[in-house]
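Peer 1: Everything below, folded, please.
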Amino acid sequence: MKMASAAAAPLLLLLALAATAGAVTFNAINAVPDSAGGQRFDRDYGGVDYAKQALSEASSFIWTTFNEPNPEDRKDYDSVTLTVVDNLQPGAVAVTSGNAIQLRAQSVADTNGDAAVVKEGVNGVLYHEATHVWQWDGQGNANGGLIEGIADYVRLKAGLPAGNWGQPGEGKQWDEGYDVTAYFLDYCESLKPGFVAEMNRKLKDGYSDDYFVQILGKTADQLWNDYKAKYSQG
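Peer 2: Residues are numbered from 1 along each chain as shown. Predicted coordinates for the structure are as follows:
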């Protein structure tokens, strides 16, 4: 009976997360359906219905990664909205403000590959941006590189790294952000499973570089040096 209970526990957690995801409304709007990117979003990605499903699945994955099965542990949003637009600043693939995500249609149009490649690329962006919706940011005071690194860490753990990412061990400093910091956080997670979830919890109330010491007993710079040494020896 104990073995059966243990096996059922992950399923129960997934069911609980699915139930709470149902309490959040996921919206998607293609505001530029006649543009090349808007047309490809509908044709190759799957359109707004698929996007709503992806946002729901991404949110459940993020809550699991952050160990937030209970809604009271999370940001108090009852909806998340994706809008496909053509008016983001040049070079920006997507931006998130609060619970609103904007995806640049031209980035979809410019994707090299078939529908499967488009789906993987857009889903990777959505997992990153949905993390910004749900993650804590030290009440606006967190290290920006850490915030972007956590978002790409979620993308990494979801199996959706971008094709232009570097390799683990690359980078000049731990808080470069994005893929460089994502791989570093994955190393920290290997030292103490649940590290990223604990860091996110601490970011609910503020930010300090000392959080690394509190969780892992070393400064971020010391951990970065250990991380770099690991890959230089490889």
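Peer 1: quick one: the helices in the protein?
Peer 2: 2-21, 36-40, 47-65, 105-109, 115-134, 144-157, 178-191, 195-202, 211-216, 220-233 (DSSP state H).
Peer 1: Next, format those as CSV and append mean neighbour count and mean pLDDT.
Peer 2: Quick note: C-beta positions are derived from backbone N, CA and C, even for glycine. Below are these laid out as CSV (neighbours: other C-beta atoms under 10 Å; pLDDT from 0 to 100):
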stretch, mean neighbour count, mean pLDDT
helix 2-21, 11, 49
helix 36-40, 19, 98
helix 47-65, 20, 98
helix 105-109, 21, 96
helix 115-134, 21, 98
helix 144-157, 23, 98
helix 178-191, 21, 98
helix 195-202, 20, 98
helix 211-216, 17, 98
helix 220-233, 15, 94
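Peer 1: Out of these, which gets nearest to residue 163?
Peer 2: helix 115-134 (8.0 Å; C-beta to C-beta).
Peer 1: hmm, back to that, residue 81 is nearest to which of the helices of the chain?
Peer 2: Comparing the helices of the chain against residue 81 with C-beta to C-beta, the closest turns out to be helix 47-65 (8.7 Å).
Peer 1: Please convert the helices of the chain to CSV, extending it with distance to residue 85.
Peer 2: Formatted as CSV, the helices of the chain follow (distance: least, C-beta to C-beta, whole Å):
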stretch, distance to residue 85
helix 2-21, 25
helix 36-40, 9
helix 47-65, 13
helix 105-109, 7
helix 115-134, 13
helix 144-157, 20
helix 178-191, 22
helix 195-202, 29
helix 211-216, 35
helix 220-233, 36
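Peer 1: Kindly state which of these is positioned closest to residue 172.
Peer 2: Nearest of the helices of the chain to residue 172, taken as C-beta to C-beta: helix 178-191 at 8.1 Å.
Peer 1: Give me the distance from stretch 83-102 to the chain's centre.
Peer 2: 15 Å (C-alpha atoms, centre = their mean, to the nearest Å).
Peer 1: which of the residues in that stretch are buried?
Peer 2: Under the neighbour-count criterion of 16 or more other C-beta atoms under 10 Å, stretch 83-102 has 83, 84, 85, 88, 93, 94, 96, 99, 100, 101, 102 buried.
Peer 1: Would you check that the last one makes contact with residue 95?
Peer 2: Yes. Distance between residue 102 and residue 95: 5.3 Å, which falls inside the contact criterion (C-beta atoms under 8 Å).
Peer 1: that older thread, which pair in the buried residues of stretch 83-102 spans the largest distance?
Peer 2: Largest separation among those by C-beta to C-beta: 93 and 99, giving 18.6 Å.
Peer 1: Residue 168 and residue 185 touch, don't they?
Peer 2: No. Under the criterion of C-beta under 8 Å, residue 168 is not in contact with residue 185, lying 11.0 Å apart.
Peer 1: which one of the buried residues of stretch 83-102 sits closest to residue 199?
Peer 2: Ranked by distance to residue 199 (C-beta to C-beta), the buried residues of stretch 83-102 are led by residue 96 at 19.4 Å.
Peer 1: which non-adjacent residue is nearest that closest one?
Peer 2: Excluding the flanking residues, the one nearest residue 96 by C-beta to C-beta, 6 or more residues apart in numbering is residue 132, at 4.2 Å.
Peer 1: Hmm, that neighbour is touching residue 150, no?
Peer 2: No. Residue 132 is beyond contact range of residue 150, at 9.0 Å (criterion: C-beta under 8 Å).
Peer 1: Which residues are in contact with each of those two?
Peer 2: Counting by C-beta atoms under 8 Å, 6 or more residues apart in numbering, residue 132 and residue 150 have no common neighbour.
Peer 1: Quick check: the gap between residue 209 and residue 172.
Peer 2: For residue 209, the distance to residue 172 equals 17 Å [C-beta to C-beta, to the nearest Å].
Peer 1: Before I go, just wanted to say thanks for your time.
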